[in-house]
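Asks: Prediction below, plus the sequence it came from.
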Amino acid sequence: MVTGIKFIVSDIDGTLLEEGKSSINPEMYDVIRKLKDQGVIFAAASGRQYQSIMSVFEPIKDDIIFIAENGSYVVCRGIDMLQVAMDPAIVRQMVTDLRRFEDCIITLSTKGAMYVDTTDKEFMDTVRNGYKADVRWIEDILQVNADVLKISIFRKDGVASYADEIIPKWKDRVHAAVSGHFWIDFMDSNADKGHAISSIQKILNISREETMAFGDNLNDLGMLRNAGYSYAVANAREEVKNVAKYIAERNVDDGVLKVMKTVLSDLQR
């Protein structure tokens, strides 16, 4: 029996959904509402932008917390709870450096939109129709005149072969993490899902022991470490399974939903 839970947070891509998809089992909405009635708050945490996450949870958008851009932007009922922008000088340096990887697409994420200077139609279709992101073209992403919350690189053949070169180079100046098969994300050093969870816990006076978290990839490690009940889905990377206390069923088998239904059942007894 799971007892004492007040806060549940789950990653999206690879954990709740297959990567790049936007439709979840509608039963999730009902379970989240019923958990809220029992005093349990749910948060969706993702490397996606706020608009993209909200499209997944539109029916219950006023009932949950959104942790977007890998923890650099947190929103509840349209109110900003946390926003951590990157140093503009580091943004310029990183974009200049990352442009040497000619088969990667660089994106800059702000509070309002994701900006790109690519004309790759397949990529644009993926982020607009798969991730439901608000993506905007600009002639040069270094001309973006807004606080940058996250830099990402996308590679359609996967980023694993580049991660070992790029992440160590920048790890002392930014927080960098592989965020799925196709993405590497870079945020301010003080921004990640773990820091976001910690901030929410302090605001709501919820302890680590009262928190449950689900993840599958390296950008989920921080939030799993800040949860007394930490779950890796069965399809997660081995590094994530080694950190998590428990294993849930695969994302395609509704592993997160099944655990949450167990929590709800225990609370209703």
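Replies: Structure's in. What do you need? All of these numbers come straight from a predicted model, not from anything done at the bench.
Asks: burial of Ser179, as a residue count?
Replies: When neighbours are defined as other CB atoms under 10 Å, Ser179 has 25 of them. Every residue, glycine included, has its C-beta placed from N, CA and C.
Asks: likewise the one 5 residues further on?
Replies: When neighbours are defined as other CB under 10 Å, Ile184 has 26 of them.
Asks: Can you give me the distance of it to Val263?
Replies: 33 Å (CB to CB, to the nearest Å).
Asks: For Glu210, give me the backbone phi and psi.
Replies: Glu210 adopts backbone torsions of phi -100, psi 10, taken as degrees, to the nearest 10.
Asks: repeat for Tyr229
Replies: Note on Tyr229: backbone dihedrals following degrees, to the nearest 10 are phi -110, psi 100.
Asks: beta partners of it?
Replies: On the basis of DSSP bridges, Tyr229 is bridged to Met212.
Asks: The helix-or-strand element of the chain with minimal mean pLDDT pairs with which strands, parallel or anti?
Replies: One helix or strand of the chain scores below all others by mean pLDDT, DSSP states H and E: strand 175-178, with a mean of 90. Strand pairing for strand 175-178, using DSSP bridges, gives strand 183-187 (antiparallel).
Asks: now the strand it pairs with: mean pLDDT?
Replies: Here strand 183-187 scores 95 as its mean pLDDT.
Asks: Quick check: buried residues in the helix or strand that comes right after it?
Replies: Per DSSP states H and E, strand 183-187 leads on to helix 193-204 as the next helix or strand towards the C-terminus. By neighbour count on 16 or more other CB atoms under 10 Å, the buried set for helix 193-204 is Lys193, Gly194, His195, Ala196, Ile197, Ser198, Ser199, Ile200, Gln201.
Asks: residue ranges for the strands of the chain, please.
Replies: Along the chain, counting by DSSP state E, strands occupy 7-11, 41-45, 65-68, 73-76, 79-83, 105-109, 114-116, 135-137, 150-154, 175-178, 183-187, 211-215, 229-233, 246-248.
Asks: Quick check: mean pLDDT of the first one?
Replies: Which is strand 7-11. 98.
Asks: for that strand, packing partners?
Replies: strand 41-45, helix 193-204, strand 211-215, helix 255-267 (3 or more CB pairs under 8 Å, 6 or more residues apart in numbering; DSSP states H and E).
Asks: now with 6 Å?
Replies: For strand 7-11, the packing partners by 3 or more CB pairs under 6 Å, 6 or more residues apart in numbering; DSSP states H and E come out as strand 41-45, strand 211-215.
Asks: and what of the second one?
Replies: Here strand 41-45 touches strand 7-11, strand 65-68, going by 3+ CB pairs under 6 Å, 6+ apart.
Asks: And the contacts of that strand?
Replies: For strand 41-45, the external contacting residues (CB atoms under 6 Å, 6 or more residues apart in numbering) are Phe7, Ile8, Val9, Asp11, Ile32, Ile53, Phe57, Ile64, Ile65, Phe66, Ile67, Lys193.
Asks: likewise the fifth one?
Replies: Judged by CB under 6 Å, 6+ apart, the contacts made with strand 79-83 from elsewhere in the structure are Tyr73, Val74, Ser199.
Asks: The nearest residue to Gly20 once chain neighbours are set aside and Phe123, how far apart?
Replies: Excluding its sequence neighbours, the residue lying closest to Gly20 (CB to CB, 6 or more residues apart in numbering) is Gly130, at 4.1 Å. Distance from Gly130 to Phe123, counting by CB to CB: 10 Å.
Asks: With Leu204 instead?
Replies: Distance from Leu204 to Phe123, by CB to CB: 38 Å.
Asks: Please name the residues that touch the most centrally placed residue in the chain.
Replies: When CA atoms, centre = their mean is applied to the chain, the residue found nearest the centroid is Ser46 (1.3 Å). Ser46 makes contacts with Ile12, Ile53, as judged by CB under 6 Å, 6+ apart.
Asks: now swap in Asp13 and tell me
Replies: Asp13 sits next to Glu19, Gly180 when contact means CB under 6 Å, 6+ apart.
Asks: let's number from 14 now, not from 1
Replies: Let's use 14 as the start, then, which means that last one is Asp26.
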